[in-house]
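Asks: quick check, what structure comes out for this input:
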Amino acid sequence: MYISGVPGTGKTATVNSALKVLKEEQELPEFQLVEVNGMRIAEPRQAYVQIYKQLTGKSVVWEQACALLEKRFTNPGPRRTPTVLVVDELDALCNRRQDVLYSIMEWAAHNTALLTVLAVANTMDLPERALAARVASRLGLTRLTFPPYSHTQLQCIVATRLAGANVTPDAVQLIARKVAAVSGDARRALALCGRALEIAAPNCAGFKEVQAALGEAASSATVRAIRNCSPAERLMLRATAAEVERTGSDETTLSRVLATAAAIVALDGRPYRSATSIRAPTPSQAQAICARLAAIKLLLIEPKPSEPRLLLNVSADDVHYATKQITV
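Replies: From the prediction side, this is the model:
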């Protein structure tokens, strides 16, 4: 199964909760759970090492781990316990060769493997956009997408997590509406509630404290710097942030950002309230814009032989607050 959705929508938490329930209910045959997080390994092939160690308790080099796993999952052998492999942050394993992903999906395709793969990623169209056909075809047709949380859902999540906390329902509702308008990220909503409680301590956090917490987020030095950029510069920042959120990767390419910028202009018409009209920049204009953004440390540019790699040097939420101009 391929599970995708923007950050902060509960993908990993839901998978972990479902697996925990299955183990506790004992309605299914016993299975061995193996978990790999692509963001927590230095190099994709280290996934072999982690998988083999969790299955056997033994540490070997990646070449040996790959060979032993290949033998385990492709050769018929004595009856063994089924394996459920959860690959979180799958995006991080998408190197140019894609050999690790191919191996894992190939093993799962064998009838004798008794291997079920749950792949979790931020990018909804990763199989079509970033994976080679030989890998994408093995991900299967079973997909589950987590959309951003609505304000009603965020309000319910925050109220549940902060049950018993000294915060008013109106304050929770305000934060839920503001965060839903920006990103729908539950972690962001909880962080803002936490800050409001800190401001109010030891008193109850209400409307005033939430406004203060939102004000801090919307008036930080980074947000002010973004708001001081030209409309074209803010467009490029918004497009870069959108690509980072869509792919889950820290870096992207200039061509992808340009395509996203064009889509933003086409869909929004007026991407920013301060701009009555704006056009997507040409490639040469975009390079100049990125150079200016890099000069003030909002973007980082990594030169590559093919085309420059862009790294967003601020949080995507800061870009949202600055470009959408969410009122407090």
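Asks: how far away is the residue nearest to residue 249 when sequence neighbours are not counted from residue 263?
Replies: Excluding its sequence neighbours, the residue lying closest to residue 249 (CB to CB, 6 or more residues apart in numbering) is residue 91, at 5.6 Å. The C-beta positions use only the backbone N, C-alpha and C, and glycine is treated the same way. Going from residue 91 to residue 263 by CB to CB, to the nearest Å gives 20 Å.
Asks: repeat that for residue 174.
Replies: With CB to CB as the criterion, residue 174 and residue 263 are 31 Å apart.
Asks: what of residue 254?
Replies: Computed with CB to CB, the distance linking residue 254 and residue 263 is 15 Å.
Asks: neighbour-wise, which of these two wins?
Replies: Set side by side, residue 254 and residue 263 show more neighbours around residue 254, with 19 against 13, by other CB atoms under 10 Å.
Asks: what about residue 107, which helix or strand?
Replies: Per DSSP states H and E: residue 107 is located in helix 99-109.
Asks: in a helix, residue 79, correct?
Replies: No: counting by DSSP: H, G, I helix; E, B strand; the rest coil, residue 79 falls outside a helix, being coil.
Asks: ends of stretch 29-43, how far apart?
Replies: The first and final residues of stretch 29-43 sit 34 Å from each other (CA to CA, to the nearest Å).
Asks: what about residue 175, which SS state?
Replies: Recorded secondary structure, residue 175: helix (three-state DSSP).
Asks: give me the pLDDT for it.
Replies: Residue 175 carries a pLDDT value of 90.
Asks: quick revisit: what's the angle between the next helix or strand after the helix holding residue 107 and helix 99-109?
Replies: Of the helices and strands lying after helix 99-109 in sequence (DSSP H and E), the nearest is strand 115-121. Orientation of strand 115-121 against helix 99-109 (axes from the mean of the first three to the mean of the last three CA atoms, to 10 degrees) gives an angle of 140 degrees.
Asks: tell me the mean pLDDT over strand 115-121?
Replies: So the average pLDDT for strand 115-121 ends up being 89.
Asks: in its sheet, what does that strand sit against?
Replies: Paired strands of strand 115-121, with direction, are strand 2-5 (parallel), strand 83-88 (parallel) (DSSP bridges).
Asks: out of those, which gets the lowest mean score?
Replies: Minimum mean pLDDT among the strands paired with strand 115-121: strand 2-5, a mean of 86.
Asks: give me the spatial nearest neighbour of residue 168, chain neighbours excluded.
Replies: Excluding its sequence neighbours, the residue lying closest to residue 168 (CB to CB, 6+ apart) is residue 206, at 4.6 Å.
Asks: dump the residue contacts of that neighbour.
Replies: Contacts for residue 206 (CB atoms under 8 Å, 6 or more residues apart in numbering) come out as 167-168, 170-171, 200.
Asks: next: residue 32.
Replies: Contact partners of residue 32, counting by CB under 8 Å, 6+ apart, are 55, 81-84.
Asks: out of these, which is most surrounded?
Replies: Counting by other CB under 10 Å, top hit in the contacts of residue 32: residue 83 with 21 neighbours.
Asks: quick revisit: now for the strands paired with strand 115-121, which one comes closest to residue 14?
Replies: Evaluated with CB to CB, the strands paired with strand 115-121 place strand 2-5 nearest to residue 14, the distance being 8.2 Å.
Asks: send the alpha carbons of the closest one over as PDB?
Replies: C-alpha atoms of strand 2-5 as PDB (Å, rounded to 0.1, in the frame of the first residue of the first chain):
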ATOM      1  CA  TYR A   2       1.200   3.500  -0.800                       C
ATOM      2  CA  ILE A   3       0.200   6.100   1.800                       C
ATOM      3  CA  SER A   4       0.700   9.800   1.100                       C
ATOM      4  CA  GLY A   5      -0.300  13.200   2.300                       C
END
